[in-house]
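K.L.:
need a structure here:
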Amino acid sequence: MSIIKKFLTSKADPGIKYYHFFWDKGDHCLGYRFPCDSEGKLLRNEHYDSWIQNYKKCISRPEDFDDAGIQVEDNEKPIHALCSCGREVVLDGNIRCGCGQWYNEYGQPIEDMTNRADTHY
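P.N.:
Predicted coordinates for the structure are as follows:
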C-alpha cells in the first residue's frame, strides 16, 4: 500500500499558515500537526500546553513517526502531496494516484473508489 510521504501544500485553520506534520508509522491514517512559522519554530498558542508533549514524542521517536516536514497551508486551494511511490497527487476529493492507491482530501489512504460516482482523476 502506498501512503502520503510529504504534504507539499495543505489546508489551514484560520490564522495559521504553517504546520509541522508527523505520520504515525504504525498507521499512516494517523498523525500530528503542530503550528509553526516558515522556519519550523513552534508557535505558542492557547493549545501549546496540550500538544507540546506530543511534539516532543514525535521528535524523540523517529522509529515511530515519519517527519513529513513543514507545510504551507492554503484554504483556497486543494492539497498537493507526494505519494510514497514518488508521484505528486492533488488531494481534491477522493483521488487515485498513478500507482493505484486512493486517497481522500486529507491524504488518508482509502478503499478502491473505481465504481463510485464522487471521484476525481
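
K.L.:
Going by C-alpha atoms from here, please, whenever you check contacts or count neighbours.
P.N.:
Noted.

K.L.:
Tell me, how many residues neighbour residue 72?
P.N.:
Neighbourhood size, residue 72 [other Cα atoms under 10 Å]: 19.

K.L.:
so what's it closest to, chain neighbours aside?
P.N.:
Distances taken as Cα to Cα, 6 or more residues apart in numbering put residue 18 closest to residue 72, at 4.7 Å, once the chain neighbours are dropped.

K.L.:
correct me, but the one you found touches residue 39?
P.N.:
No: contact between residue 18 and residue 39 fails when scored by Cα atoms under 8 Å: they sit 9.1 Å apart.

K.L.:
Next up, phi/psi of the closest residue to residue 104 other than its chain neighbours, please.
P.N.:
Nearest residue to residue 104, sequence neighbours excluded (Cα to Cα, 6+ apart): residue 94, at 4.4 Å. The phi and psi torsions at residue 94 (degrees, to the nearest 10) take the values phi -80, psi 120.

K.L.:
wouldn't residue 94 be in contact with residue 105 here?
P.N.:
Yes: look at residue 94 against residue 105 with Cα under 8 Å: they come within range, at 6.0 Å.

K.L.:
Once you drop chain neighbours, what's closest to residue 112?
P.N.:
Leaving aside its chain neighbours, residue 112 sits nearest to residue 102 (6.0 Å; criterion: Cα to Cα, 6+ apart).

K.L.:
Which residue ranges of the chain form strands?
P.N.:
4-7, 18-24, 27-36, 65-72, 79-83, 88-91, 94-96, 102-103, 109-110, 119-120 (DSSP state E).

K.L.:
Can you flag the weakest of these by average pLDDT?
P.N.:
In terms of mean pLDDT, the lowest-scoring of those is strand 119-120 (a mean of 50).

K.L.:
and the residue nearest to residue 104, how many neighbours does it have?
P.N.:
22.
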